Structure formats: structure tokens, C-alpha cells
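1. next come a sequence and a model predicted from it.
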Amino acid sequence: MEQEQQNLESFLTWAALLGISDSTTRADQPQHSLSSCLGSSLCVSHFPHSGGRGLGAVRDLRRGEIVLRVPKYALMTRESVMEDKKLCFAVNRHSCLSSVQILIVCLLYEMSKWKTSRWHPYLMHLPHTYDILAMFGEFEKRALQVDEAMWVTEKAILKAKSEWRDAHALMEDLMFRPQFLTFKAWVWASATISSRTLHIPWDEAGCLCPVGDLFNYDAPGEESSGIEHLDYLLSNSSIHDTILLNGDKNIMVDAEQLDSHSQRLTDGGFEEDVNAYCFYARAHYKKGDQVLLCYGTYTNLELLEHYGFLLQENPNDKVFIPLEAAVYSSTSWSKDSLYIHHNGKPSFALLAALRLWATPQNKRRSVGHLVYSGSQLSADNEIFIIKWLSKTCIAVLKNLPTSIEEDTLLLNAMDNSQDFFTFVDITKLLSSRDEMYTFLEAHNMKDTDSFTDIILSRKARRSMDRWKLAVQWRLKYKKVLFNCISYCNDILDSFMK
Ligand SMILES: C[S@@+](CC[C@H](N)C(=O)[O-])C[C@H]1O[C@@H](n2cnc3c(N)ncnc32)[C@H](O)[C@@H]1O
């Protein structure tokens with residue numbers, strides 16, 4: 001622990017020497033301290049329920065005030081790593097690789113240089129493991145239970161494997177040592193890039209940003225995307241591009257184009273005039289609060305896919321239910337807009353599409369304007385679609401291997417068991433014991449009577465963490481469907497009155 005603290009201190013000193021600073025004075029003015037880049041606005045703290053290691057406020061912070069600057073020189077980008085001639089030469093001979101694949105190779109290259117890498121103090125602080133979907137094993141994938149989630153997981157695993165295979169020749173050219181050539185090393189580096197890169201305007205692969213990547217995630221919500229905040233940014237800062245972490249979801253937004261309903265406003269970006277990545281407080285924070293960053297708008301499945309966590313309360317979560325082909329063909333709404341919100345309410349487009357689908361074909365044209373303005377068509381039409389929605393949600397829930405109650409008990413056992421043996425004992429009494437036996441089998445621990453001699457392997461421990469994430473995800477999914485059924489019941493009741 002002491003060693004860890006010392007490592008952290010030397011990392012923060014290294015960062016200060018590079019000009020990284022949370023001081024409110026401008027970057028070109030004298031810094032408050034060269035022994036740490038933090039202390040004026042932020043400090044590294046531990047937040048067990050919202051991201052673990054993160055950044056806390058050392059004083060009250062006002063919404064919109066600058067809290068961190070990271071000069072361009074400190075950023076790890078393809079461009080900065082490829083100042084290394086050997087790497088640059090090799091990469092140029094593999095032009096078929098994507099920018100993200102190249103950044104992954106750059107990261108592995110720097111890792112392999114170890115102490116001679118100029119980012120060594122930063123690299124030492126990267127997490128050793130991640131829980132993104134591409135790292136899920138067969139058991140954990142199945143624990144998600146929902147076809148869509150299992151399919152997204154499978155796709156993520158296949159994508160990682162094929163990208164790794166494609167980059168192999170380059171890594172061999174660079175004469176990587178065997179441990180850096182493995183698929184395990186590749187997914188680690190790929191998860192680092194997926195969960196930690198920030199958007200930069202000159203490279204779609206993004207950048208790794210020492211200290212700036214210690215901010216944990218806050219979902220965009222009303223409190224931070226209101227007019228007040230937007231006005232503040234437009235009048236007080238030179239932000240033109242907003243940032244979102246994650247290569248697949250990068251969105252560049254001109255601040256001028258944002259309307260007050262935009263959920264995409266984020267809290268920093270690369271600013272040309274100061275040649276630095278600048279971060280701003282997205283809310284008022286009290287001393288000791290965790291200071292958060294919005295990486296973008298994500299459902300829980302997307303958070304799991306790209307970042308390896310999910311939110312207990314995610315205002316952007318969505319649940320898709322099976323719809324008949326005729327529902328899709330009855331409207332021009334895209335499939336992606338036909339979903340149930342986190343609170344159980346059907347999306348505007350889903351309701352509209354169902355209303356049109358339940359209208360005889362020869363009458364659809366005449367009611368189109370009503371449907372697209374969100375109006376109900378008739379009591380019969382509304383009762384029909386709400387009953388259909390409720391029945392569909394009930395059927396989806398029934399078809400899943402476990403219920404909300406069973407998942408809740410399983411999660412309680414995961415959270416509250418003092419050790420693995422107690423967990424196994426408790427789970428034996430639950431209806432999810434079959435799942436527990438499958439877990440044991442997957443980790444060659446089938447003989448439960450010999451447990452006293454077994455210490456849970458690191459691999460099994462990681463698998464337990466991912467299993468828990470899968471159970472949390474499927475429970476959230478089921479609760480959304482349950483809330484939708486309650487929503488439908490309320491609507492049907494209101495028609496009976
Ligand atoms: C950019 S890093 C943030 C710093 C990170 N906690 C660390 O220790 O390096 C993003 C990662 O932090 C974790 N994280 C961020 N926000 C979180 C949240 N609200 N809840 C749980 N985990 C979160 C996830 O593991 C995610 O992949």
C-alpha cells in the first residue's frame with residue numbers, strides 16, 4: 001500500500017514536470033507546485049461505489065470552472081509515439097490497419113519499452129485488468145441471458161480476435177517479446193484504448209491523457225445540460241469541440257450548434273489556443289465530492305461493451321423488445337428508435353409505430369399526421385397496443401432463465417457473502433444454484449465438497465466480477481420490462497375509469 005502511495009506521488013510529480021496542472025492560473029503563468037500536478041482543485045481519491053479510483057474536489061468548485069489542463073506534449077497519441085523512427089517505419093509498411101489498431105500497437109510498444117518509455121510513470125498506473133464485454137468468457141456471456149446482449153458480446157470478442165490477427169505481422173516486425181504478442185495482451189491494450197481515450201480533433205483514434213483519464217463517468221442528465229451550463233460555456237470558454245471517450249462513439253459538436261436539450265455536451269476538449277486538453281467542472285461540487293466527466297450518452301450495454309461497468313441509475317438505458325416485421329415496415333422510424341426507456345415508458349417512436357401498425361392498412365395514410373405528432377388515434381387502438389406491449393414484455397420475462405427475485409437474491413449473495421465458500425453455501429439454497437454449478441464447472445471446481453482446500457484462482461475471481469456485472473445488467477433489463485408492464489397497467493386502468 002505504501003509502495004502504491006509512493007508510486008502515485010512520483011506519477012503526480014512527473015505529471016507536474018510535464019506541465020499538467022489543476023491550478024486555476026493559466027498554463028503560461030508560474031505553477032503552484034512542482035511536487036504534484038494536483039492539490040489546487042483536485043486530488044486522487046477512492047470512490048468504491050462509483051468507479052473506484054477517481055478525482056475528488058479539494059475545495060468547492062463552481063460549475064464551468066477549469067479544473068485540469070494537460071499540455072499536448074503529455075498526451076500519448078499515435079503521432080507522439082511514432083516519433084520513434086523504428087515504430088514509424090514499421091507502421092508505414094502496414095497501411096491496412098485502422099488508426100485504433102495502430103494506437104493499440106503504440107501502447108504495447110511503449111509498454112514493452114518499460115522504464116525507457118517516456119510515459120513509464122503513467123503506464124504503471126493503468127489498470128491491470130478490465131471487464132469489457134470482449135473479455136467475457138463463455139460462462140459470463142451466457143450469464144447475460146438476453147440474446148441481444150450475448151450477440152453484442154460475441155461480436156466484440158470476434159472483432160478483438162480479428163483485429164489482433166491483422167496486427168500480428170506488424171507486432172512481429174517490431175520484434176515484440178512473446179508476452180506482448182498474445183491475445184491477452186492485445187485485449188488489455190484494446191480495453192485501455194476503448195475505456196480511456198479522449199477525443200482529439202486531429203486523430204480519430206484519440207489520445208491517452210495522463211491524469212485526465214482519472215475522471216470517472218457521469219451520465220448526461222438535466223442538471224448538467226441545461227441552458228445555464230450551455231450559456232456559461234458559450235460565453236466563458238473557448239471550447240469548440242466537445243469530447244467523448246471511446247473511438248466508436250466519438251462525436252464532434254460545434255458548441256454553437258448545441259441546443260438546450262442536447263445531451264451531448266461534455267466537459268472539456270483540446271483547446272488550440274493553449275495547446276492543452278482542458279477540463280471544466282460539469283456541476284457545482286462540494287469539497288470532497290467526486291468530480292465526474294461525461295464521456296457521452298450510453299446505454300448500460302454500451303457502457304459494459306466499451307468501459308466494463310454499468311450504472312444503477314442510467315437515464316440513457318434502453319430495452320429493445322422483439323417486434324413483428326410489420327411494425328418496422330409500417331413506419332419510417334429507424335429500428336434503433338423503437339425501445340423502452342429506463343423508467344419503463346415506451347419511446348415516442350415505439351408508441352407511434354405500434355399505433356400505425358394497429359391501424360388497418362387502408363386507413364394509415366389518413367392518420368399519419370396524428371401518429372407523427374404523437375397523438376393517440378382512438379381508445380380501441382390505444383388499448384390494443386398497450387395490451388400488446390404488456391403481453392410482449394410478460395412473454396420476454398417468462399422466457400428468460402431466471403426471474404427478478406432470483407437475480408436479486410443471487411446479487412445479494414454475491415454482495416454479502418464474506419467469502420466464496422459462504423457464497424456457494426448460500427447459492428446452493430437458491431434457485432440459481434444451477435448457474436453456480438456451471439460457474440464451478442467452468443473453473444474446474446466441480447467437486448464442491450473439496451472446497452476447503454481450494455483458494456479461488458485469480459481467473460475465477462475475475463470471472464466472478466464479470467458474472468456479477470452480467471447479473472446486474474440482466475436484472476436492470478428485467479426491471480425495465482417490469483416497469484413497462486406497470487406503465488401499461490396504469491394506462492389500461494385509466495381507460496376503465
Ligand atoms: C477513464 S477511466 C476512469 C478512472 C478509473 N477509475 C481508474 O482508476 O483509472 C474509466 C474507467 O473507470 C471506471 N468507471 C468510470 N466511471 C465509473 C462509474 N460511474 N461507475 C463504475 N465504474 C466507473 C470503469 O472501469 C471505466 O472503464
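-> Received the coordinates, thanks.
2. would you mind writing the CA trace of the strand or helix carrying residue 110 as PDB?
-> With secondary structure defined by DSSP states H and E, residue 110 is part of helix 99-113. Output in PDB follows, covering the C-alpha atoms of helix 99-113 (Å, rounded to 0.1, in the frame of the first residue of the first chain):
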ATOM      1  CA  SER A  99      -6.000   4.100 -36.600                       C
ATOM      2  CA  VAL A 100      -7.200   2.400 -33.400                       C
ATOM      3  CA  GLN A 101      -5.300  -0.800 -34.200                       C
ATOM      4  CA  ILE A 102      -2.200   1.300 -34.600                       C
ATOM      5  CA  LEU A 103      -2.700   3.100 -31.300                       C
ATOM      6  CA  ILE A 104      -3.100  -0.300 -29.600                       C
ATOM      7  CA  VAL A 105       0.200  -1.300 -31.100                       C
ATOM      8  CA  CYS A 106       1.700   2.000 -30.000                       C
ATOM      9  CA  LEU A 107       0.600   1.400 -26.400                       C
ATOM     10  CA  LEU A 108       2.000  -2.200 -26.400                       C
ATOM     11  CA  TYR A 109       5.200  -0.800 -27.900                       C
ATOM     12  CA  GLU A 110       5.600   1.700 -25.100                       C
ATOM     13  CA  MET A 111       4.700  -0.900 -22.500                       C
ATOM     14  CA  SER A 112       7.400  -3.200 -23.900                       C
ATOM     15  CA  LYS A 113      10.000  -0.300 -23.600                       C
END
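3. list the contacts of that helix.
-> Taking contacts as C-beta atoms under 8 Å, 6 or more residues apart in numbering, the residues outside helix 99-113 that touch it are 76-78, 81-82, 84, 87, 91, 97, 117, 119-120, 123, 163, 166-167, 170-171, 174, 176-177, 180, 185-186, 189-190, 192-193, 197, 203-206, 208, 247. Yep, even glycine has a C-beta here, placed from its N, CA and C like the rest.
4. run a quick neighbour tally on the residue nearest to residue 94 when sequence neighbours are not counted.
-> Sequence neighbours aside, residue 170 is the residue nearest to residue 94 in space, at 4.4 Å (criterion: C-beta to C-beta, 6 or more residues apart in numbering). Applying the criterion other C-beta atoms under 10 Å, we find 20 residues in the vicinity of residue 170.
5. got phi/psi on residue 126?
-> Dihedral angles phi and psi of residue 126 (degrees, to the nearest 10) take the values phi -70, psi 150.
6. next up, the contacts around it.
-> Residues touching residue 126, when contacts are defined by C-beta under 8 Å, 6+ apart, comprise 192, 196.
7. and the pLDDT for it?
-> Confidence per residue is given as pLDDT, and for residue 126 that number is 95.
8. for the host helix or strand of residue 279, what is the average pLDDT?
-> In this structure, residue 279 is located in strand 276-280 according to DSSP H and E. What strand 276-280 shows for mean pLDDT is 96.
9. strand partners (parallel or antiparallel) of that strand?
-> Strand pairing for strand 276-280, determined by DSSP bridges: strand 66-71 (antiparallel), strand 268-271 (antiparallel).
10. buried ones in the helix holding residue 110?
-> Buried residues in helix 99-113, counted by 16 or more other C-beta atoms under 10 Å: 100-113.
11. what packs against the helix or strand containing residue 353?
-> With the criterion set as DSSP H and E, the secondary-structure element containing residue 353 is helix 348-357. Secondary structure elements in contact with helix 348-357, counted by 3 or more C-beta pairs under 8 Å, 6 or more residues apart in numbering; DSSP states H and E, are helix 325-330, helix 364-372, helix 379-399.
12. fine by me, thanks again.
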